[in-house]
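A.B. asks: need a 3D model of the sequence below.
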Amino acid sequence: MANGPIAAPRVLLADDHVMVAEGLRHLLKGHCDLVGTVGDGPSLVAAALELRPDVIIADISMPGYDGIEAVRRMREQGVTAKIIILTMFADSDVAETALAAGANGYVIKHSAGEELLHAIDAVSAGLTFVTPILSRPRPAK
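C.D. replies: This is a model prediction of the structure:
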């Protein structure tokens, strides 16, 4: 039996667009404990090692190296945080690549903010989360 309320997950945010990062900070307020914000791949890996967050939300397109390469490097260096890739790419192949690299979730930026909060809760509980739009049947080529 738990002794008191469950602590909010400690979240590290990585996005090179300041406006997007500010919007995400606002969305996460009250749901998570935001421990840091970075804007490029190398800074993400360094912050993950230093801050040891519970959850990392990483843009796929960042300077230095992209979010998927950052995931690979973090996993190689022993980062155990749950990692959600947040991207514009509604592409199941890219999602598969991200998950194979060690990501635990894949969310499209076109989704509602509630979907990201749901993804945080899901990966925090040990589940894999992929934005539902990618599970819809695709037209034949």
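
A.B. asks: tell me which stretches of this protein form strands.
C.D. replies: Counting by DSSP state E, the segments of the chain that form strands are 10-14, 33-38, 55-59, 82-87, 105-108, 129-130.

A.B. asks: what's the fourth one packed up against?
C.D. replies: When you say that, I think you mean strand 82-87. Applying 3 or more CB pairs under 8 Å, 6 or more residues apart in numbering; DSSP states H and E, one finds that strand 82-87 makes contact with strand 55-59, helix 67-76, helix 92-101, strand 105-108, helix 113-124. Any C-beta I mention is one placed from the backbone N, CA and C, and that applies to glycine too.

A.B. asks: try 10 Å
C.D. replies: Contacts defined by 3 or more CB pairs under 10 Å, 6 or more residues apart in numbering; DSSP states H and E place strand 82-87 against strand 10-14, strand 55-59, helix 67-76, helix 92-101, strand 105-108, helix 113-124, strand 129-130.

A.B. asks: pick the most buried one from these.
C.D. replies: Mean neighbours per residue, mean count of other CB atoms under 10 Å, is largest over those for strand 55-59, with a mean of 27.

A.B. asks: taking strand 33-38 as reference, get the angle to that strand.
C.D. replies: Per axes from the mean of the first three to the mean of the last three CA atoms, to 10 degrees, the angle that strand 55-59 makes with strand 33-38 is 30 degrees.

A.B. asks: which secondary structure element of this structure has the lowest mean pLDDT?
C.D. replies: Least confident helix or strand, the chain: helix 18-28 with a mean of 88, by mean pLDDT, DSSP states H and E.
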